[in-house]
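*Asks:* Sequence first, then the predicted structure:
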Amino acid sequence: MSRKKTLNFESPETAGNGHSHTEAWRIFGIMSEFVEATERLAAIRPAVTLFGSSRAKPGSPCYDLTECIARKLSDAGFSVISGGGPGVMEAANKGAYHGKSPSVGLNIQLPHEQAANPFQDISQTFRHFFARKYMFVRFASAYVVMPGGYGTLDELMEALTLIQTGKARRIPLILVCSEHWQGLIDWFRGRLVAEKMIDPADLDLIQLIDDPDEIVAAIFKHYQTRSFSPLPSEKEMMLNL
């Protein structure tokens, strides 16, 4: 026997008008973040998004390696986009800041942490994680991922999902510090591939490279036969990210 469900929508007279108005105006705030960031970042291409742990300390191996990679990318002609905060983000901005190409920080407002680091030619602050993550992908010709925690894994999986599903163009996605990432790659292969959760070819979306010069070379190799700029079909595709 079929059963109808009744949806009870509140009328404007009975609904919490203050809350509804607040939600509506918040949408405009989100839209303004997208518009402002898109306009400010439009001229930075080609760019590489480089991110990792906010907890890496200056002078640590991870921090120093990130700074070296960012400097080489910057001198090779790539703007470097980071999260704009401390740790790996600071090291990425610092390396690029002292290089030939712009250092870009996409900062996020958080309750307890993340002040913008001082090594930024272009600094953009976001209130919403999803708007910030969109910009990481939207303007990147490559992703370089250092060791990190939940935030790093979130951004990595976002990029992997968008590329795998054809919502974003295929770009080099390079994981640095093989010892840190190898267990995750082994789990992908031993679980996700073995249990047919992903295709074996999906693992080819990821490269493990530890040497800074090889990272730069791998990015240039990917673009040997094409422009760094998105193709017309890719531009159309990325409008639907």
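*Replies:* Everything's here; your move. Residues are numbered from 1 along each chain as shown.

*Asks:* quick one, phi/psi of the residue nearest the centre of the chain?
*Replies:* For the chain, the residue nearest the mean C-alpha position is Phe136 (3.6 Å; C-alpha atoms, centre = their mean). Per-residue torsions, Phe136: phi -60, psi -40 (degrees, to the nearest 10).

*Asks:* which residue packs closest to it, ignoring adjacent ones?
*Replies:* Thr49 (4.8 Å; C-beta to C-beta, 6 or more residues apart in numbering). To be clear about C-beta, it is placed using only N, CA and C from the backbone, and glycine gets the same treatment.

*Asks:* thinking again about what came up before, what sits against the residue nearest to the centre of the chain?
*Replies:* Thr49, Phe51, Ile81, Leu106, Tyr143, Glu155, Ala159 (C-beta atoms under 8 Å, 6 or more residues apart in numbering).

*Asks:* most surrounded residue in these?
*Replies:* With neighbours taken as other C-beta atoms under 10 Å, the top of those is Ile81, carrying 30 neighbours.

*Asks:* next SSE after the helix or strand in which Leu153 is found?
*Replies:* Assigned by DSSP states H and E, Leu153 falls within helix 150-164. For helix 150-164, the succeeding helix or strand toward the C-terminus, using DSSP H and E, is strand 173-175.

*Asks:* Residues touching the next helix or strand after that following strand, excluding its own?
*Replies:* Downstream of strand 173-175, the first helix or strand assigned by DSSP H and E is helix 178-187. Applying C-beta under 8 Å, 6+ apart, the contact partners of helix 178-187 are Pro147, Leu175, Leu203, Ile206, Leu208, Asp210.

*Asks:* Name the surrounding residues that touch the very next helix or strand once past helix 178-187.
*Replies:* Per DSSP H and E, the first helix or strand lying C-terminal to helix 178-187 is strand 207-208. Residues outside strand 207-208 that contact it (C-beta under 8 Å, 6+ apart): Pro172, Leu173, Ile174, Leu175, Ser178, Trp181, Gln182, Ile185, Ala218.

*Asks:* Distance to Lys100 added to these, as a markdown table?
*Replies:* Putting the contacts of strand 207-208 into a markdown table (distance: C-beta to C-beta, whole Å) gives the following:
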| residue | distance to Lys100 |
| --- | --- |
| Pro172 | 20 |
| Leu173 | 24 |
| Ile174 | 21 |
| Leu175 | 26 |
| Ser178 | 29 |
| Trp181 | 29 |
| Gln182 | 33 |
| Ile185 | 33 |
| Ala218 | 20 |
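
*Asks:* can you pick the most crowded of those residues?
*Replies:* Of all those, the most densely surrounded is Ile174 (23 neighbours; neighbours counted as other C-beta under 10 Å).
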